[in-house]
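Enquirer: Starting from these lines, generate the structure:
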Amino acid sequence: MLLIVILVVAVALIFDVINGFHDAANSVATIVSTHVLSPRLAVLWAAFFNFVAMFVFAPKVANTISKIVIIDSSNSAFIYVVLAGLLGAIVWDLITWWFGLPTSSSHALIGGLTGAGLMFKGPDIIRWEKIIQTATFIPLAPLIGFAIAFVFMVAVYWIFRKWRPRKVDGFFRKGQLFSAALYSLGHGGNDAQKTMGIIVALLVAAGMMKPEHQLSIFSGDTLWIILSCHLAMAVGTALGGWRIVKTMGMKLTQLKPVHGFCAETAGAFTIFLATNMGIPISTTHTIAGSIIGVGSVKNMANINWKTAFNIIYAWILTIPASALVGALCFWIMSLISPKF
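Expert: Sure, this is the predicted structure:
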């Protein structure tokens, strides 16, 4: 039992590294495309703030993720539900990374868990209110990011209307360091908690933790979960995912530092809000909506709508596709082990 738990924790941390790798584009796309930082410096900047987010946000998102599937600690098969869900998310993340599509690692994880749970015991063990809450924010997160970015961009145009373009550019080059840090802080705060929630669900399934036990950096028996997840996320971000950086920062619209600042600040505000509400939103969706928001202020024609719609199609497919992979993984495990 202990060996299996260690194995699944390792897979969860691998997912966290892939999550950081896959979603690195969210944190650095705008600051790279505006040439404020080089790609290598940008990912290191983002990785640092991904890590320190553990000291800023309460683990409310982790609590949501850990309760998507109703776990019976007396049945060890739930450990394999968690493993199959992770594998479903990892496979979908790698597929979309290969094609350069900025899909949501969060929704892939939720889809994978849901698919594995459905294959194991059917719909009765899924907390559908958690799924509905998350699904509601699939359209809301990018729309909120879009609206805030649009308002920020209009306000900045008005406030700095008398400034010379070169002076504006210089000012927001410095400002983008701040906005990118904020966004990376939000990204680490929301996304790292998803893997924390998975590990909690695993430990509950193995009977090593009570369902009501709360994560805290001040608790010696849970600090390792928080620390390892944030570290794995930071490592993944530092490795970078350049295929998606190209899509997010260079294909959606042409960005200058002022646009990058507004997009990142709007994205950070949206993620902070959701994290404090305990909602596992897609940081990918959020920054994409924010980038389109600033681009639409300049000119709707400046948006590459073909790329935008390709991203939207991938968003729609993520939960059902990862659920299918998660279900398939659990089915294969059930063929190998007769106790299912």
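Enquirer: got the buried residues for the helix or strand where residue 80 lies?
Expert: Residue 80 is part of helix 77-98 when elements are defined by DSSP states H and E. Residues 77-93, 95-97 are the ones in helix 77-98 that count as buried (16 or more other Cβ atoms under 10 Å). Quick note: C-beta positions are derived from backbone N, CA and C, even for glycine.
Enquirer: repeat for stretch 204-221
Expert: 204, 205, 206, 209, 215.
Enquirer: Hmm, the last one is touching residue 196, no?
Expert: Yes: counting by Cβ atoms under 8 Å, residue 215 sits close enough to residue 196 to count as a contact (6.2 Å).
Enquirer: which helices and strands does the helix holding residue 80 pack with?
Expert: helix 2-33, helix 105-121, helix 165-205, helix 242-246, helix 305-336 (3 or more Cβ pairs under 8 Å, 6 or more residues apart in numbering; DSSP states H and E).
Enquirer: Next, format those as TSV and append mean pLDDT and distance to residue 51.
Expert: Output for the helices and strands packed on helix 77-98, formatted as TSV (pLDDT from 0 to 100; distance: least, Cβ to Cβ, whole Å):
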stretch	mean pLDDT	distance to residue 51
helix 2-33	80	10
helix 105-121	89	17
helix 165-205	90	7
helix 242-246	51	20
helix 305-336	81	26
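Enquirer: Take those and write them to TSV, including distance to residue 293.
Expert: Listed next are the helices and strands packed on helix 77-98 as TSV, based on distance: least, Cβ to Cβ, whole Å:
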stretch	distance to residue 293
helix 2-33	12
helix 105-121	21
helix 165-205	14
helix 242-246	19
helix 305-336	12
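Enquirer: Could you identify which of those is most buried?
Expert: Mean neighbours per residue, mean count of other Cβ atoms under 10 Å, is largest over the helices and strands packed on helix 77-98 for helix 105-121, with a mean of 28.
Enquirer: other SSEs contacting the helix or strand following it?
Expert: Per DSSP H and E, helix 105-121 leads on to helix 128-159 as the next helix or strand towards the C-terminus. Contact analysis of helix 128-159 by 3+ Cβ pairs under 8 Å, 6+ apart lists helix 60-66, helix 105-121, helix 257-277, helix 283-298 as its packing neighbours.
Enquirer: who touches the residue of the chain most remote from its centre in this structure?
Expert: Within the chain, the residue lying farthest from the chain centre (Cα atoms, centre = their mean) is residue 162, at 38.4 Å. By Cβ atoms under 8 Å, 6 or more residues apart in numbering, residue 162 lies in contact with nothing.
Enquirer: for it, helix, strand, or coil?
Expert: Following DSSP: H, G, I helix; E, B strand; the rest coil, we place residue 162 in the coil state.
Enquirer: and the gap between it and residue 55?
Expert: Residue 162 is 40 Å from residue 55, where distance means Cβ to Cβ, to the nearest Å.
Enquirer: Kindly report the same for residue 35.
Expert: Distance from residue 35 to residue 55, counting by Cβ to Cβ: 31 Å.
Enquirer: got it, and residue 265?
Expert: 21 Å.
Enquirer: Neighbour count for those two, which is higher?
Expert: More crowded of residue 265 and residue 55, by other Cβ atoms under 10 Å: residue 265, with 22 against 11.
Enquirer: Need the per-residue pLDDT for the more buried one.
Expert: Residue 265 carries a pLDDT value of 94.
Enquirer: The one 10 residues further on too?
Expert: Model confidence at residue 275, given as pLDDT, is 93.
Enquirer: same question, residue 226
Expert: The model's pLDDT for residue 226 equals 94.
Enquirer: Same check on residue 212?
Expert: Looking at residue 212, the pLDDT reads 78.
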